[in-house]
Every structure is written in structure tokens, then in C-alpha cells.
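build me a structure from this.
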Amino acid sequence: MSLEASLGYTFVEPRLLREALTHRSFGMPHNERLEFIGDGVLNCVVALALFNRFPELSEGQLSRMRANLVSQPALHSLAQRLDVSLHLRIGEGEEKSGGRERPSMLADAMEAVFGAILLDGGFDAAQAVIDRLYAHRIAQVNPREGGKDAKTRLQELMQAKHFPLPVYVVDRVEGEAHAQVFTVRCSVPALGQDGTGRGPSRRAAEQQAAHAVLNKLGA
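Residues are numbered from 1 along each chain as shown. Below is the predicted model of the structure:
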């Protein structure tokens, strides 16, 4: 599937998408300027979505939830879901050093793609794409958790009790390289609890595993 199909958006000017996927190690024009405006439109659209969904929350609560939703881990997870790494244009040195799978590079490219859509189709087009891609995550936001993900909440719980931090172990990896499924086990020996998670990346599977442990702890 093409990236445009995954995004649900067809570019009028394909060069903008090409630029959004070009790392500076590849050459000019690269995606840093698009990343700048993509960061802006992403923050704005997510802020609007949270503002409309949670009319009772304060500015501080909304800000914390937005920060989690637009963080590097969140963008990296989204980029993995869309197979953005398959479309990146990077230099030979970055390729050899594993740059194509680097979370920061994928997160930056994701922001640049949003910037490219903004320039190509305007704010309404960018908002429509971001709203669709973020719909599931925003629907799962729990204000009582301050917008924090499961791993963060579990870690903070352990720290508050002065217990050792959770341990995450990859049990198995299935599927082809471009469509892998990770199974991760999260163990909390101090409480005698563990949980298992599955996902398209190790990070996503760890989040699911942490969530399973939190459910067992009633947290």
C-alpha cells in the first residue's frame, strides 16, 4: 500500500511528500522546514480535538494530554503503523547506522508529512488526516491518567512504592520484517505480577503489557 493510501490523502504536488520524506543526509531539499510547520499544525489539531472532547478540563490538563499525544514515542508509533520507514530517503551513512528505524528520524518525518499536507491542501486537509489517524488514541485518553501512557504510569507507581522498575522481555517476534508482530512480557517481581502484550513494534507491545499489569493491579 502506498503512503498516500495509508494517509487517506492524495497530493496535488507529490514533490511535497517527497521532500517530507527526505532526510538532510540525503540532500536538498530536505524535510526540516516541513517538520517545523508540521509540528505546529499537529499541536493545533490535537489541541482542538481535546478541547472539543473535554470541555470540563483545565488548560493544564489539556496541555499534559496533548504533550503525550504529540510526543516522539507517539509519533514514532504512528510512523511505524504507516510504514513510513519504507519511504524515507536517507544518506548512505544513515542507512548503514540504522537511521531508517531511528525513532527520532521517523517522528520528524511524520511531522514533516503533516506539514506537507498543510501546504498542499490547506488546514482542513491536514486536520482531516490528523483527526483520522489520531481518532483511536484520542478516544482512549483518560483525563484521570493525565494523558500518560501505560509504561509511564506503571513506572511512576513502582517509584512511588520504592519498588524496582518493571522488567520488559521480548518473548517472540513473528512475521516478515515489514510486518512483524512483537510479544512482550512485563514483570513486576516485587508485586508478583506480570502481563503480556502484542503489537507491531516492541514499544507498542510493551505498552500493552504494562496496561495488562495495571489492570491486574486495579490501577
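
which parts of stretch 53-67 are buried?
Going by neighbour count (16 or more other C-beta atoms under 10 Å), the buried part of stretch 53-67 is 61-62, 64-66. All C-beta spots, glycine's among them, are computed from the backbone N, C-alpha and C.

first-to-last residue distance for that stretch?
Distance between the boundary residues of stretch 53-67 (C-alpha to C-alpha, to the nearest Å) amounts to 16 Å.

that one: how far from the chain's middle?
With C-alpha atoms, centre = their mean, to the nearest Å as the basis, stretch 53-67 stands 19 Å off its chain's centre.

ok, and the closest non-adjacent residue to residue 204?
Among residues not flanking residue 204 along the chain, residue 77 sits closest, at 5.8 Å (C-beta to C-beta, 6 or more residues apart in numbering).

just checking, that neighbour is part of a helix?
Yes. Counting by DSSP: H, G, I helix; E, B strand; the rest coil, residue 77 is part of a helix.

OK, contacts around it?
201, 203-204 (C-beta atoms under 8 Å, 6 or more residues apart in numbering).

show me those residues that map onto helices.
Mapping the contacts of residue 77 onto helices (DSSP state H) picks out 203-204.

export the contacts of residue 77 as a markdown table, with columns for neighbour count and distance to residue 84.
Below are those laid out as a markdown table (neighbours: other C-beta atoms under 10 Å; distance: C-beta to C-beta, whole Å):
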| residue | neighbour count | distance to residue 84 |
| --- | --- | --- |
| 201 | 19 | 12 |
| 203 | 18 | 15 |
| 204 | 20 | 15 |
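
what's downstream of the longest helix along the chain, the next helix or strand?
Counting by DSSP H, the longest helix found in the chain is helix 32-53. Later in the chain than helix 32-53, the nearest helix or strand by DSSP states H and E is helix 59-69.

number of nearby residues for residue 3?
17 (other C-beta atoms under 10 Å).

domains of this protein?
Per automatic domain parsing, the domain ranges recorded for the chain read 3-141, 151-217.

and the last one, how far from the chain's centre?
Relative to its chain's centre, domain 151-217 lies at 17 Å (C-alpha atoms, centre = their mean).
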